[in-house]
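[1] This is a predicted model, with the sequence first.
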Amino acid sequence: MTEIVRPDFRRRETPRRRARGPRRRLFDTPIPVTVIVCVSLAIALYGMAPKGRLGLRSDAPSSVLDSSLQIHVVDGDTVRSGGRVFRLVGFNTPETVDNAQCAEERALGERATARLQELVAAGRIELERRACACRPGTEGTEACNYGRLCAKLFTQGRDAGSILIAEGLAERYVCGGTSCPRRRDWCGG
C-alpha cells in the first residue's frame, strides 16, 4: 500500500546564511521565465513597429493614434476618429455641400471625399497627429481650424494627401507656423 505524505506546514526551516564574498550581480540570480518572456515580447513588438508610428504616443504633437480606431471620412481633407475631428494637413480638397462656391467645386469635392473613403476602406490606416498652424494656445479650439485637430493619414504606408494630389482631386497646401495660404478657387476664377 502506498503511503501519502503530507507536508508539515508547522515545521519551519531556518533560512540559510549567505556566504560572505563578492556581491551577486543581476544576472547571477535566476530570473523567472515569465519575466524573460514578457520582456522579450515587448522588445520584439517595439522593434517590429515602424518608427514614429506606434500606438498612441506621448511625444505630441507628432504622435500616432492607434491604427485600430475606426476612421470616418467627413470630406476630402477631414476625418473623424476616436471622438475627435482631424483636418488632414499637406493638402486641400474642394469644398462640398453648403461650403462649395459652384457646382464644379461641389462635384470635385464629392469625388475627393469618395476617393478618400476608398483609401480608408482599403485598410492599413494610420493617423499621425501633427501640430496645427495656429496661434499658440488655440489648437483644438474654435479659433484654430474650427476646433479640429491636425493629422496626416497614411493608407497602405502612403500619404493619402499625396495620392489625392496625384489624382487631381486635391492641391498641395502647406501652412506656415501660425497661418495658412489662401485657398484655391476651384470654380475657375
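    Looks like it arrived, so ask away. Small disclaimer: the values here were computed from a predicted structure and weren't measured.
[2] in this structure, which ranges drop under the pLDDT threshold?
    Residue ranges of the chain with pLDDT under 70: 1-69, 178-179, 181, 189.
[3] Can you name the residues that contact the residue lying closest to Thr78 once chain neighbours are set aside?
    Among residues not flanking Thr78 along the chain, Arg87 sits closest, at 5.7 Å (Cβ to Cβ, 6 or more residues apart in numbering). Glycine gets a C-beta too; all of them are placed from N, C-alpha and C. Arg87 makes contact with Asp77, Thr78, Cys132, Asn145, Arg148, Leu149, Cys150, Ala151 under the criterion Cβ atoms under 8 Å, 6 or more residues apart in numbering.
[4] now, among these, which is nearest to Cys187?
    Comparing these against Cys187 with Cβ to Cβ places Asp77 closest, at 17.7 Å.
[5] which secondary structure element contains the closest residue to Ile163 other than its chain neighbours?
    Among residues not flanking Ile163 along the chain, Leu119 sits closest, at 6.4 Å (Cβ to Cβ, 6+ apart). Following DSSP states H and E, one finds Leu119 within helix 103-121.
[6] what does that helix rub up against?
    Contact with helix 103-121 is made by 71, 73, 75-77, 79, 93-97, 100, 153, 155, 160, 163-164, 167, 169-170, 186-188, as judged by Cβ under 8 Å, 6+ apart.
[7] The residues you listed, buried ones only, as a PyMOL selection?
    Here the buried members of the contacts of helix 103-121 are turned into a PyMOL selection, burial being counted by 16 or more other Cβ atoms under 10 Å:
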select buried, resi 71+73+75+76+77+79+93+94+95+96+100+153+155+160+163+164+169+170+186
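[8] Return the subset of the contacts of helix 103-121 lying in strands.
    For these, membership in strands holds for Ile71, Val73, Asp75, Val79, Leu153, Thr155, with DSSP state E as the criterion.
[9] Quickly note the distance from the residue nearest to Thr78 to Arg80.
    Separation of Arg87 from Arg80 (Cβ to Cβ, to the nearest Å) stands at 11 Å.
[10] Which two among the ones in strands among the contacts of helix 103-121 are spaced furthest apart?
    Asp75 and Thr155 (16.4 Å).
[11] Let's see which of the contacts of Arg87 end up in strands.
    Thr78, Leu149, Cys150, Ala151.
[12] In contact with the first one: list those residues for me.
    Read it as Thr78. Contacts of Thr78 (Cβ under 8 Å, 6+ apart): Val85, Phe86, Arg87, Leu88, Arg148.
[13] Quick check: the closest residue in space to Thr141 that isn't next to it in sequence vs Arg84, distance?
    Leaving aside its chain neighbours, Thr141 sits nearest to Gly147 (6.2 Å; criterion: Cβ to Cβ, 6+ apart). For Gly147, the distance to Arg84 equals 10 Å [Cβ to Cβ].
[14] Can you pick out the residue with more neighbours from the two?
    Taking neighbours as other Cβ atoms under 10 Å, Gly147 and Arg84 compare with Arg84 leading, 16 against 13.
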